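Asks: Okay, structure incoming, though there's no sequence with it:
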């Protein structure tokens, strides 16, 4: 075969492979779309919802209201509920109930009981019942979303939103919010937030302050991890506050694409840590802490840790906030 013929043959083969790959992807997308259902498809039974109603009245109504309207805890029906949960799979809602509810005694409900409560929530939300019970299997629940096309509530127009100029420099934000919050999450690698608190030694009340002990007796260990993860995610936009300065007086490079990318990575790392914490799994949070560490490292390698300087060299600090 001549070289030109070989080249033409290879091109035809490549086109065939590309076409096959595209067709395969399209077929996979179609199959996936066919597998996803919504709660409007009748995914629970009336008898299952009745069991869920009994559990709800016993364990949930005091906080969420007799009619799921919300009291000291958020509503579990209506537009506010759909705004937060409408596009998520039922597995997320069931896991939230199973792992974190009721708030004063979490982690005691069985997977089947959580599925029953979800069924009652669906019934109360006027979603139709069906012939088959909602499975307690997490994999099966992942294929069902609450309501397709639900949109979260929109923020107020910019003209109605007050502006908040930077109150501190970047290092102060890092040390005041991100350093303690990140270290609470990293601490989960070696300390189980769900383990019973160990009594401290005599005189411990006068010991040095510990971030990992903060909140003991007020919030549970897992709640503290939840709050730390939220703090990380919510602080990411502070990295992009116009007019903020670095500790050395240089402007934070809020308009640089890489800085924006690093800030988005930080926000997603915080959300990932929160999702893992909601699972009440030490291993899941430990795994998520790697994503948080990487998001910090990516930014620090470019803007903080300057090569060619000795540790503690003032010149290194002077060079920060510049790529």
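Replies: Everything's here; your move. Fair warning: this is a prediction, and the values are worked out from it, not measured in the lab. Residues are numbered from 1 along each chain as shown.
Asks: mean confidence for whatever helix or strand residue 230 lives in?
Replies: Following DSSP states H and E, the helix or strand that holds residue 230 is helix 221-235. In this model, helix 221-235 carries a mean pLDDT of 96.
Asks: cool, and stretch 92-111?
Replies: Taken as a whole, stretch 92-111 has an average pLDDT of 93.
Asks: start to end distance for that stretch?
Replies: Stretch 92-111 stretches 12 Å from its first residue to its last (CA to CA, to the nearest Å).
Asks: likewise stretch 97-108?
Replies: The distance separating the two terminal residues of stretch 97-108, taken as CA to CA, comes to 10 Å.
Asks: ok, residues contacting that stretch?
Replies: For stretch 97-108, the external contacting residues (CB atoms under 8 Å, 6 or more residues apart in numbering) are 59-60, 63, 73, 109-111, 113-114, 117-118, 194, 222, 278-280. Every residue, glycine included, has its C-beta placed from N, CA and C.
Asks: Ok, stretch 267-277 next?
Replies: Among residues not part of stretch 267-277, those counted as contacts by CB under 8 Å, 6+ apart are 185, 193, 222, 225-226, 228-237, 284-285, 287-289, 291-292, 294-295.
Asks: Flag every buried residue along the one helix or strand residue 182 maps to.
Replies: With secondary structure defined by DSSP H and E, residue 182 is part of helix 179-187. Buried residues in helix 179-187, counted by 16 or more other CB atoms under 10 Å: 181, 182, 184, 185, 186, 187.
Asks: What is the helix holding residue 230 packed up against?
Replies: When contacts are defined as 3 or more CB pairs under 8 Å, 6 or more residues apart in numbering; DSSP states H and E, helix 221-235 packs onto helix 179-187, helix 257-278.
Asks: how about JSON lines for the ones you listed, with mean pLDDT and distance to residue 243 added?
Replies: Converted to JSON lines, these look like this (pLDDT from 0 to 100; distance: least, CB to CB, whole Å):
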{"stretch": "helix 179-187", "mean pLDDT": "95", "distance to residue 243": "22"}
{"stretch": "helix 257-278", "mean pLDDT": "97", "distance to residue 243": "14"}
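Asks: now the strands: where do they sit in the chain?
Replies: Assigned by DSSP state E, the chain shows strands spanning 37-38, 144-145.
Asks: I'd like those as TSV, with mean neighbour count appended.
Replies: Rendered in TSV, the data for the strands of the chain read as follows (neighbours: other CB atoms under 10 Å):
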stretch	mean neighbour count
strand 37-38	15
strand 144-145	22
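Asks: which regions of the protein sit below the pLDDT cut-off?
Replies: Screening the chain residue by residue with the criterion pLDDT under 70, one finds the ranges 1-34, 148-159, 197-216, 306-313.
Asks: switch to 90 and redo it
Replies: Confidence mapping of the chain against pLDDT under 90 gives the ranges 1-36, 71-72, 80, 83-84, 103-105, 107, 146-164, 195-221, 247-249, 303-323.
Asks: sorry, back to before: nearest to residue 44 among the buried residues of helix 179-187?
Replies: Distance ranking of the buried residues of helix 179-187 against residue 44, using CB to CB, places residue 185 first at 35.6 Å.
Asks: Contact partners for the closest one?
Replies: With contact taken as CB under 8 Å, 6+ apart, residue 185 is in contact with 225, 228, 229, 232, 273, 285, 288, 289, 292.
Asks: Now for the third one, how many residues are close by?
Replies: Summarising burial for residue 229: neighbours were counted as other CB atoms under 10 Å, giving 28.
Asks: can you pull the contacts of it?
Replies: Contact criterion CB under 8 Å, 6+ apart gives 181, 185, 270, 271, 273, 274, 276, 277 as the residues in contact with residue 229.
Asks: let's see 6 Å
Replies: 270, 273, 274, 277 (CB atoms under 6 Å, 6 or more residues apart in numbering).
Asks: Residue 133 contacts residue 45, correct?
Replies: Yes - between residue 133 and residue 45 there is a contact under CB atoms under 6 Å: 5.0 Å.
Asks: any common contacting residues for those two?
Replies: When contacts are counted by CB under 6 Å, 6+ apart, the set common to residue 133 and residue 45 is empty.
Asks: what separates the residue nearest the centre of the chain from residue 73, distance-wise?
Replies: With distances taken as CA atoms, centre = their mean, residue 271 lies nearest the centre of the chain, 2.8 Å away. With distances taken as CB to CB, to the nearest Å, residue 271 is found 21 Å from residue 73.
Asks: And residue 164, by the same measure?
Replies: Applying CB to CB, one obtains 29 Å for the distance of residue 164 from residue 73.
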